[in-house]
Structure formats: structure tokens, C-alpha cells
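Visitor: what's the 3D shape of this:
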Amino acid sequence: MKYQVTCRERITPKMKDVILVVDDEEDIRELVRYNLSKGGYNVATAASGEEALRLAHELSPLLIVLDIMLPGIDGLEVCRRVKADPSLSQTPIVMISALGDEKDVVAGLELGADDYVAKPFSPGVLLARVKSVIRRVGAIPVAADAPVEIEGLKVDPTRREVWVLDQMVELTNTEFKLLHFLMRQPGVVFTRTQIVDGVHGDDYPVTDRSVDVQVVGLRKKLGEIGALIETVRGVGYRFKG
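Guide: Here you go, the predicted model:
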């Protein structure tokens, strides 16, 4: 099966500005291709999971836009194989899902996908998400003990202090860890399971829904700035970034 390519210059293997778009619906592939091309990216497209895996190895894409529902090898399996392959594991993935398929979105994020957009989606929103993920991947990671400050909210892990503007806020140990975990990676969607693992470590004996209780308490203590902790319906949370 031939794949479609649009570009500012001819795409060759191993070029680093190629985005691979994977969707079995031709109109959606074309919509995404057109808007990413307008955004300045070279774009290759695939209509199946098998084709996507082949092209991923051929092109080493900058990012993969991946539909979950695909014929043959579905999007979740494509995601799993990409993230398990040492030559592709660092390739960011933005999933496309049908509205209401939260369980598949959660599964994809826990397999290593970086973000998702639900159908029907705005092309502008998808382009913004793609650019945000590419920017995050290229950013220098925040050290675990480094202070983080975003929009007047500052967390200092060495002093165990949280400041909202010029006022210190008292948090429980779990609330502090949760806030710091989210703020270190602004814009990243985390499932509740990922948050529990990130805050407490694997196999911590607590239910996913306890995260909701912690977030409610945390937002209350942070006041208006607590709105920076965004709920991603049916999936989890992210710190606005």
C-alpha cells in the first residue's frame, strides 16, 4: 500500500520534522494532513496499524498522530509496539479517540502516549496539542529537587514550601507531592493510576479515586489558582501548561 506525503521539501528517511498521521478514515487523514502542513510540518499518512509501524521505522517521525480504532493492528497495539521498540520509544504519540472512549484513552496514556484529542476535534486544537507535545519533549526536564514556579504558584521541594503569590500555603505531604508531580510536567495528561504511582510509588495500597479527593482538597487550599489543575474528563488530570 502506498502512503501519502505532503512536504515543503521531499521527505527522506530519518528526517526529523516528519509527522506520521495514522487513521483509517481518508477524510480525517486529509484534514489532519492539511492542517499540520499549514503549521509547517512535513506529513506522511497511513491507513492501518501495520502500515504505521512500517513507516515509523522508515521515517523515524518527529511525532505520531494515532487513531485508536484501526483495522488489523489497532492503535493501542501500535502504541505499545512503538514504546517497546528502543529505536522508537522516545517518539511522542498524540492519540485520536472517539468521544466517550475514555477507557481506551486511559489505556493508551498508560502505554506511554503523550496526549489525546477526542473526535470530533478542532484542527486548531489538534495543531496546538501537537506543538505543545513537541515543545515538552524538547524541553530540559525539571530536576526532582528544583523549585517550580508557574503563574504565581511556586513549589520548593527542598524547603517543602508552597507559595501562592506572596502567601505560603500549608499542604499535607500527599497534596504537596501531587502538586509537585503535576507541575514538573505542565500540559501532560496523567491518569489516576499514573498519579498514584508517581506520588506514592508502584503497588501503593490506595484507590485511583482517592486522587479525586486529594485534588478537591488541593484546589480548595490554593484558591483561584487551583483552577490550573485541570480535570480531563474520564481520564485524569493535568497542570495547565
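Visitor: looking at this, residue 90 is in a strand?
Guide: No. Looking at residue 90 with DSSP: H, G, I helix; E, B strand; the rest coil, it is coil, so not inside a strand.
Visitor: ok, now which ones touch it?
Guide: Residues in contact with residue 90 (CB atoms under 8 Å, 6 or more residues apart in numbering) are residue 137. Bear in mind the C-beta positions are built from the backbone N, C-alpha and C, glycine included.
Visitor: Would you double-check that residue 117 falls in a strand?
Guide: Yes. Assessed with three-state DSSP, residue 117 lies in a strand.
Visitor: who's in contact with the nearest residue to it once chain neighbours are set aside?
Guide: Excluding its sequence neighbours, the residue lying closest to residue 117 (CB to CB, 6 or more residues apart in numbering) is residue 126, at 5.2 Å. Residue 126 makes contacts with 32, 35, 65, 94, 96, 117, as judged by CB under 8 Å, 6+ apart.
Visitor: okay, the angle between the helix ranked longest in the chain and strand 115-119?
Guide: In the chain, assigned by DSSP state H, the helix with the most residues is helix 123-138. Put simply, helix 123-138 runs at 170 degrees to strand 115-119, going by axes from the mean of the first three to the mean of the last three CA atoms, to 10 degrees.
Visitor: returning to what we had before: and the contacts of residue 126 as a markdown table, adding distance to residue 162, pLDDT and neighbour count?
Guide: Shown next, in a markdown table, are the contacts of residue 126 (distance: CB to CB, whole Å; pLDDT from 0 to 100; neighbours: other CB atoms under 10 Å):
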| residue | distance to residue 162 | pLDDT | neighbour count |
| --- | --- | --- | --- |
| 32 | 40 | 94 | 25 |
| 35 | 39 | 93 | 17 |
| 65 | 36 | 97 | 27 |
| 94 | 31 | 96 | 22 |
| 96 | 36 | 92 | 23 |
| 117 | 32 | 91 | 20 |
